[in-house]
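**Q** here is a sequence with its predicted model. Questions after.
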Amino acid sequence: MDTDGSAHNGAASHGPARAVVVHPSADALAEATGARLLLAILDAQSVRHPVHVALTGGTVGIRLLERARQTPLADAVDWTGVHLWWGDERFVPRADPERNEGQARAALIDHLPIPAQNVHPMAATEDAATAEEGAAAYAAELAAFGSGADGTAGAGPTLVFDVVLLGMGPDAHVASLFPGHPALGATGTTAVAVHDSPKPPPDRISLTFEALESARQVWLVVAGAEKSGAVRRALGGATDVQETPAAVVAGRDVTLWLLDTAAAGADPGLV
Ligand SMILES: O=C(O)[C@H](O)[C@@H](O)[C@H](O)[C@H](O)COP(=O)(O)O
């Protein structure tokens, strides 16, 4: 029986597993996911060095970082062996409160004994003249680590994230990849510029869809009744990535949906 409940005829299934976990509230979701992230890092550290995690912006995406900071597990992690990246970022000045980086630093990163060089923010407007330039720089940084520049002998051509955290919008967007938006179809690179984002601010940098899917584990962390329609579509069989990006994005090994009851809606299949 797959973790998504589908029964198999006994044939071994080596495809990625999908699991859905529903928590009673957004705060319970944030607390549990913060602890789950630290455990996932500890698990990965038992077999791999370094460990790479991509963070997300958004309400729950930041709140889970705050809760991670508050658990004793944070002290068990060897942060010298963890690299933190971003799935997307708003292309605004570094001090702008809209920056995912700034929110993540305040919530968790600035409280950790993590080397500065292990934290990899996407460009702010001080760092690049355009979002395109910032995206190219991020793709180059990812490639440098993927090529073993981080000392990982025999690393593959691109860096493999152990965990990619994603929020989801009511339109089923993930990172800054919005339905029907040109950036959603970007291929051959790991980072892309986004303009005219339907969610302000308009200019962003995002990992590409294929970069998100390079991850061993993709976690979609979603709370709120306003997301329940997109959740139902995504988990109900939608297959068109242009219409419902969240339905298609998957980790190589695990795709985990972490919901609160409001986002899970009344669908008994999700509880
Ligand atoms: O930079 C961003 O805006 C996020 O990465 C974005 O993908 C976010 O995670 C979702 O829009 C959910 O955001 P909320 O949890 O605030 O609804």
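**A** Nice, thanks for sending it over.

**Q** grab the nearest non-local neighbour of whatever residue of the chain ends up closest to the ligand.
**A** Per C-beta to the nearest ligand atom, residue 167 is where the chain lies closest to the ligand, at 2.1 Å. From N, CA and C alone the C-beta is placed, and that goes for glycine too. Distances taken as C-beta to C-beta, 6 or more residues apart in numbering put residue 58 closest to residue 167, at 3.3 Å, once the chain neighbours are dropped.

**Q** what is the neighbour count of that neighbour?
**A** For residue 58, the count of nearby residues is 22 (other C-beta atoms under 10 Å).

**Q** again, but for the one 3 residues further on
**A** The criterion is other C-beta under 10 Å. On that basis, residue 61 has 24 neighbouring residues.

**Q** for it, give me phi and psi.
**A** Phi and psi for residue 61, reported as degrees, to the nearest 10, are phi -60, psi -30.

**Q** contacts only, for it.
**A** Counting by C-beta atoms under 8 Å, 6 or more residues apart in numbering, residue 61 makes contact with 55, 100, 165-167, 221.

**Q** ok, now which ones touch residue 67?
**A** Residues near residue 67 by C-beta under 8 Å, 6+ apart: 30-31, 33-35.

**Q** if I look at it, how far off is residue 41?
**A** Going from residue 67 to residue 41 by C-beta to C-beta, to the nearest Å gives 14 Å.

**Q** could you do residue 108 as well?
**A** Using C-beta to C-beta, we find residue 108 at a distance of 12 Å from residue 41.

**Q** related to what we said a few turns ago, of the contacts of residue 61, which pair is most distant in space?
**A** Of all pairs drawn from these, the greatest distance, 13.9 Å, lies between 100 and 221 (C-beta to C-beta).

**Q** which one of these two has more residues nearby?
**A** The neighbour comparison of residue 100 against residue 221 (other C-beta under 10 Å) goes to residue 221, with 29 against 22.

**Q** returning to what we had before: contacts only, for the residue of the chain closest to the ligand.
**A** Taking C-beta under 8 Å, 6+ apart, we find residue 167 in contact with 56-61, 174, 220-222.

**Q** can you turn the buried part of those residues into a ChimeraX selection?
**A** Buried subset of these, written as a ChimeraX selection, criterion 16 or more other C-beta atoms under 10 Å:
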select :56,57,58,60,61,174,220,221,222
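
**Q** got a pLDDT number for residue 7?
**A** With respect to pLDDT, residue 7 scores 39.
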